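In: Provided below for reference: sequence and predicted model.
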Amino acid sequence: MTVKEIIFDWLKNHGYDGLYEEKGCCGCCLADFMPCDEDGGILDCEPGYLDDKGDDDAPYYIRKEKPEVG
């Protein structure tokens, strides 16, 4: 099992939707998980929740707080 698989499983099992990195304003959802894993870009990432209210810059965001439903 790879580190990527371990992190993916942990996030999924704990109810997270992906990773986000506050300083770089980036994030990845589980469906498109860790596209930056080969360049060490995940070192500052934290678990986060999907906010599918994207904009012209991105179709979705991963946020620290779970978005309110409604």
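Out: Thanks, I have the structure now.

In: who's in contact with the most centrally placed residue in the chain?
Out: Central residue of the chain (Cα atoms, centre = their mean): L19, 2.2 Å from the mean position. Contact partners of L19, counting by Cβ atoms under 8 Å, 6 or more residues apart in numbering, are 7, 11, 27-28, 33-34, 42, 45-48, 62. C-beta: built from backbone N, CA, C; applies to glycine.

In: least confident pick among those?
Out: Lowest pLDDT among those: I42, with 78.

In: how close does the closest residue to Y16 other than its chain neighbours sit to D56?
Out: Nearest residue to Y16, sequence neighbours excluded (Cβ to Cβ, 6 or more residues apart in numbering): P47, at 4.2 Å. Noted for P47: a distance of 26 Å to D56, by Cβ to Cβ, to the nearest Å.

In: the more surrounded of these two?
Out: Higher neighbour count among P47 and D56: P47, with 16 against 5, using other Cβ atoms under 10 Å.

In: who does the more buried one bridge with?
Out: Applying DSSP bridges to P47 gives these bridge partners: L19.

In: if we can go back for a sec, please report how far the residue nearest to Y16 lies from M1.
Out: 19 Å.

In: list the contacts of the spatially closest residue to E46 that is not a sequence neighbour.
Out: Leaving out its chain neighbours, the residue that sits closest to E46 by Cβ to Cβ, 6+ apart is Y20, at 6.2 Å. Listed by Cβ under 8 Å, 6+ apart, the contact set of Y20 reads 26-27, 45-46, 48, 61-64.

In: count the neighbours of the nearest residue to C36 once chain neighbours are set aside for me.
Out: Among residues not flanking C36 along the chain, I42 sits closest, at 6.3 Å (Cβ to Cβ, 6+ apart). Residues contacting I42 under the criterion other Cβ under 10 Å number 17.

In: just to be sure, I42 is in a strand?
Out: No - according to DSSP: H, G, I helix; E, B strand; the rest coil, I42 belongs to no strand; its state is coil.

In: these two touch, right, it and F33?
Out: No - taking contacts as Cβ atoms under 8 Å, I42 lies outside contact range of F33: 10.0 Å.

In: W10 sits in which helix or strand?
Out: Here W10 sits within helix 3-13, counting by DSSP states H and E.
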